[in-house]
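In: compute the structure for the input listed below.
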Amino acid sequence: MKESFGFAATFIGSLTTVLLAVINKGNDYAVYASLFIIAGVGILFFSKMTKVKDESRMPFETRISILKRHEIFYNLKKWIDFDIRRIDIENKKRQWNIQTHMKIKFNVFLEGLLKELEKIKERRTVGDYEYWHVFLNRGILEYIDKAVKSGVNEKYCEIFEEYHQKSELNTAESIREILQNPLYDDLEKFSAILDRFLWAFRETHNDIHKIIKMNGRLEKALENWEIPRGC
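Out: Now for the predicted structure:
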């Protein structure tokens, strides 16, 4: 359903373009081009609305199966297993900490989201904001604990999380907005939550080099620290 709003916005934008062109007596070609765009977008919009309507009529179990094929569970998993190993940082201590920390963090949340999908299948509801707030906090504590037990520098974890506090607050606020949307049913809300986590994970990857330049604090944290043996 959320995709249909994108088409609607484009449709309205195109219509506005035509109206402005007519009002301002713009170039005839611009008007015709805009009319062509409106026709094309209109067709896509109504076909998308039909598809969404058809999906909403599918059996609950079928829609759950579709969600299991969400991009976050496949493409992101491949990215974790491949791209994260390609992070090239001159300081090998820093590189090991970042790679290990990120892999554990992403895997903890991916496993958690898969479990939530199974819970939704049983209880038929996505839960409220407080439920997802607990989910976020529990995930953070779990992956930090696993990272430290895996040998990641504890001070490094603290510094890393300082940077991501704002991002996690934004994720929580986005989830609140999704859950309050009366136009989404429970499975559409969960799909939107998966989209939000996917975006947040990608932003984390894009911000790696900002994180490792945090006023030398990471270097100081790793001064007397060595990569665990066997890693």
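In: going forward, measure contacts between C-alpha atoms and count neighbours the same way
Out: Noted.
In: can you list the weak-confidence ranges in the protein?
Out: 1-56, 77, 79-89, 163-164, 205-219, 221-231 (pLDDT under 70).
In: domains of it?
Out: 2-56, 60-221 (automatic domain parsing).
In: the host helix or strand of residue 134 - contacts with which helices or strands?
Out: Using DSSP states H and E, residue 134 sits in helix 129-149. Judged by 3 or more CA pairs under 8 Å, 6 or more residues apart in numbering; DSSP states H and E, the packing partners of helix 129-149 are helix 92-123, helix 154-180.
In: now do the shortest one against helix 129-149, angle only.
Out: Put plainly, it is helix 154-180. 160 degrees (axes from the mean of the first three to the mean of the last three CA atoms, to 10 degrees).
In: now helix 154-180 and helix 92-123, what's the angle there?
Out: 30 degrees.
In: which neighbouring elements make contact with helix 154-180?
Out: helix 129-149, helix 186-206, helix 217-221.
In: about what we covered before: ok, residues contacting the helix holding residue 134?
Out: By CA atoms under 8 Å, 6 or more residues apart in numbering, the surrounding residues in contact with helix 129-149 are 100-101, 104-105, 108-109, 112, 154, 157, 172, 175-176, 179.
In: with just CA atoms, put that helix into PDB.
Out: Taking C-alpha atoms only, helix 129-149 is exported to PDB below (Å, rounded to 0.1, in the frame of the first residue of the first chain):
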ATOM      1  CA  TYR A 129       5.100   0.900  20.000                       C
ATOM      2  CA  GLU A 130       6.100  -0.200  23.500                       C
ATOM      3  CA  TYR A 131       6.600  -3.700  22.200                       C
ATOM      4  CA  TRP A 132       8.900  -2.500  19.500                       C
ATOM      5  CA  HIS A 133      10.700  -0.200  21.800                       C
ATOM      6  CA  VAL A 134      11.600  -3.200  24.000                       C
ATOM      7  CA  PHE A 135      12.600  -5.100  20.900                       C
ATOM      8  CA  LEU A 136      15.100  -2.400  20.000                       C
ATOM      9  CA  ASN A 137      16.600  -2.100  23.500                       C
ATOM     10  CA  ARG A 138      16.800  -5.900  23.900                       C
ATOM     11  CA  GLY A 139      18.600  -6.200  20.500                       C
ATOM     12  CA  ILE A 140      21.100  -3.600  21.400                       C
ATOM     13  CA  LEU A 141      22.000  -5.200  24.800                       C
ATOM     14  CA  GLU A 142      22.200  -8.700  23.200                       C
ATOM     15  CA  TYR A 143      24.500  -7.800  20.400                       C
ATOM     16  CA  ILE A 144      26.800  -5.700  22.600                       C
ATOM     17  CA  ASP A 145      27.000  -8.600  25.000                       C
ATOM     18  CA  LYS A 146      27.800 -11.100  22.200                       C
ATOM     19  CA  ALA A 147      30.300  -8.700  20.600                       C
ATOM     20  CA  VAL A 148      32.200  -8.300  23.900                       C
ATOM     21  CA  LYS A 149      32.200 -12.100  24.500                       C
END
